[in-house]
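S.K.: Dropping a prediction and its sequence here:
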Amino acid sequence: MVDMTTSQPARKGDTTLGHIAYVLKDNPVTMLAFAMLALFLGCAFFGPALVPYDPLATNASRALEAPSWDHWFGTDSLGRDVFSRVIVATRLDLTISVAAVALSFVIGSILGSIAGYWGGWLDAVLNRFLDTIMAFPLFVLAMGVVAALGNTVENIIYATAIINIPFYARLVRAEVNIRRNAGFAQAAKLAGNSDLRVLAVHIFPNALPPMMVQVSLNLGWAILNAAGLSFIGLGVRPPTPEWGIMVAEGANFIVSGEWWLAVFPGLWLMLAVFTFNLLGDGLRDIVDPRKRT
Amino acid sequence: MSARLKMILGRVAQAIPVVMGVVVISFLLTRAMPGDPAAYFAGPAADEASIAEIREALGLDKPLFQQFFLYVGDLVRGDLGTSLTTGQTVMSDLAARLPASLELTLVALLLSCAIAIPLGVLAATRPGTWVDHMCRILVTAGVSMPTFFTGIVLIYVFYYLAGLAPSPLGRLDFIYLSPPHVTGFYLIDAALAGDWETWFGAFKQLILPAMTLALFTLAPIARMTRAAMLSALSSDFIRTARAAGLGSRKVLYGYAFRNALLPVVTTLGMVFSFTLGANVLVEKVFAWPGIGSYAVEALVVSDYAAVQGFVLAMALLFVALNLVIDIAYALIDPRIGLN
């Protein structure tokens, strides 16, 4: 992804911050990704206050207008401003994916730590369970979970979390497992710490750097999944602005040439996913220089 | 050969607990549905007595453990329940629509392998050239593209602007009759019947959705091919082969590529998982009458039996595909049965 042909081995004695600054300076793409992340976070926090139109306000006299100075992204079939809807939707889409990834992070960490530290039958049971989840095509499993639990936004979050758990649990399990008998863990144990404390305070933090990379790559995927579920009519209901549902509504107009209805929310969605993917690659460069591609 | 056979049998044995797990999860999904299933299946006009009757008929009054065995018994007989929307059994609905989905998925995968594998090989053998950069851009863009959005953009460009593609409505334009049913794959059936006009019609309908799915699967395959090829080319046995004076073609395709294929085949499993999910979205965009759009229609009207049947069918299909991939892996692995 990133052109590393000009990179030099990092100087000795650098601090973490110095290392991050060094990698960022060498890697403008990651800087760009951080800037884009800031843009999306800004949209999520301040978007509803800043947009020029009410995302739900209809205006029949100005329906299906092409992009213009008044309406940057055009208007939809009810005369709602597409730009305002796209920006306002940022908060909902990011909330769904962040909540889902946070849930799978926590559950995956707990399951993975237990299996990696104690091993034995717990480990075997967890592995069987994860294999079974992975035996489903993941998007299809998410559909099934939403169908079973009921068609609401919360259940979209749970479904997205469930299909992400295996990635975290496996990662944490591997990271904990290779350190459970390491010198520092045994020393902490001998100093009188309980198993739980050694696991939580001494071993688990070592798994955090690779986890952060996974989180970033996963967020993009979680956004795609959530948007995909709402594209097929699950979770978010109209007229709530949400990228997937806006693309779905715009799809009906694409065959008659009103491209802006579907293209702008789709591009915005793509940009968000792209940002998180770039960010994941950049974070990986900072965390694990050997895996640079 | 016996080592190979042993490996294949071992792999088949490994699939059994996974299938059992899939059945358990799909059973739990059917029992987790909101509200009282008996009241749901009885319909809105039912009174207490008929609900109780249906509860007994469905076995819902029995303990969960016993219900599970009833469920497995039904599965073994191929009974997935009845769809409320079509009135047919879910099994026959799925069987009727499966060929459409499989045709789309297989054509898309063939297309994406035909592009991605040569692209990855070229990118690995010519690092730093435009092929390498193109591969990198495709891979990054590919993982960020929502399939449903790619499909819509393709429709806009090739149907609305260029007028090259037919209207995105299903497998065959209404001016053609569907070919006589043999395999359910329109391309094969039309070719068998010798009806090339219909074959071309079906092909034109298929090309856009297949391209959409292929663009989606290009990225992981190209990325993996490039990485596997790079590591194979830098390994000792390639250096030895070169030092021994073998021709560059023989080294590249006879040794490096054959070894690089192994990790690529392994990624195909993951790619299938994504493809089967993306299939649902692509089928909705192109009104493709496959099992994905069947499940979407069923989801919208809360037709639970149909959705659960679909989820189970997809999971079993995926397990079977992974099994086939692993067997293919055993067959092409040059380290097994080398003499």
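M.R.: Cool, the structure landed. What you see is a predicted model; the values in this text were computed from it and never measured. Residues are numbered from 1 along each chain as shown, chains lettered A, B, ... in the order given.
S.K.: Pick out the residue closest to the middle of chain B.
M.R.: Residue closest to the mean C-alpha point of chain B, counted by C-alpha atoms, centre = their mean, is B:L276 at 3.7 Å.
S.K.: quick one: buried residues of the one helix or strand it maps to?
M.R.: Per DSSP states H and E, B:L276 falls inside helix B:258-285. Buried positions in helix B:258-285, judged by neighbour count with 16 or more other C-beta atoms under 10 Å in any protein chain shown: B:259-261, B:263-269, B:271-285. Just so you know, the C-beta spots here come from the backbone N, C-alpha and C atoms, and that holds for glycine as well.
S.K.: low pLDDT regions in the chain?
M.R.: I'll assume chain A. A:1-14, A:23-24, A:26-27, A:285, A:287-293 (pLDDT under 70).
S.K.: was after chain B, sorry
M.R.: Short version for chain B, where the test is pLDDT under 70: B:1, B:33-44, B:58-59, B:334-339.
S.K.: biggest helix in the chain by residues?
M.R.: By default, I'm working from chain A. helix A:82-118 (DSSP state H).
S.K.: wrong one, I was asking about chain B
M.R.: Max-length helix for chain B by DSSP H is helix B:196-233.
S.K.: starting at the chain centroid, how far to the following helix or strand past that one?
M.R.: Per DSSP H and E, the first helix or strand lying C-terminal to helix B:196-233 is helix B:236-243. Its chain's C-alpha centre and that of helix B:236-243 lie 38 Å apart, by C-alpha atoms, centre = their mean, to the nearest Å.
S.K.: Excluding chain neighbours, give the residue nearest to the one residue in chain B that gets nearest to chain A in space.
M.R.: In chain B, the residue that lies nearest chain A is B:G277 (2.6 Å; C-beta to the nearest C-beta). The shortest distance from B:G277 to any non-neighbouring residue, by C-beta to C-beta, 6 or more residues apart in numbering or on different chains, is to A:F139 (2.6 Å).
S.K.: Taking helix B:258-285 as reference, get the angle to the helix or strand where that neighbour lies.
M.R.: Element membership for A:F139 (DSSP H and E) is helix A:138-149. Between helix A:138-149 and helix B:258-285, the angle comes out at 40 degrees (axes from the mean of the first three to the mean of the last three C-alpha atoms, to 10 degrees).
S.K.: Can you list the buried residues in the next helix or strand after helix A:138-149?
M.R.: Downstream of helix A:138-149, the first helix or strand assigned by DSSP H and E is helix A:153-177. For helix A:153-177, a neighbour-count test (16+ other C-beta under 10 Å) marks A:153, A:155-173, A:175-177 as buried.
S.K.: And helix A:153-177, what does it pack against?
M.R.: helix A:82-118, helix A:120-134, helix A:138-149, helix A:208-231 (3 or more C-beta pairs under 8 Å, 6 or more residues apart in numbering or on different chains; DSSP states H and E).
S.K.: Make JSON lines from those and add mean neighbour count to it.
M.R.: Shown next, in JSON lines, are these (neighbours: other C-beta atoms under 10 Å in any protein chain shown):
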{"stretch": "helix A:82-118", "mean neighbour count": "22"}
{"stretch": "helix A:120-134", "mean neighbour count": "15"}
{"stretch": "helix A:138-149", "mean neighbour count": "25"}
{"stretch": "helix A:208-231", "mean neighbour count": "24"}
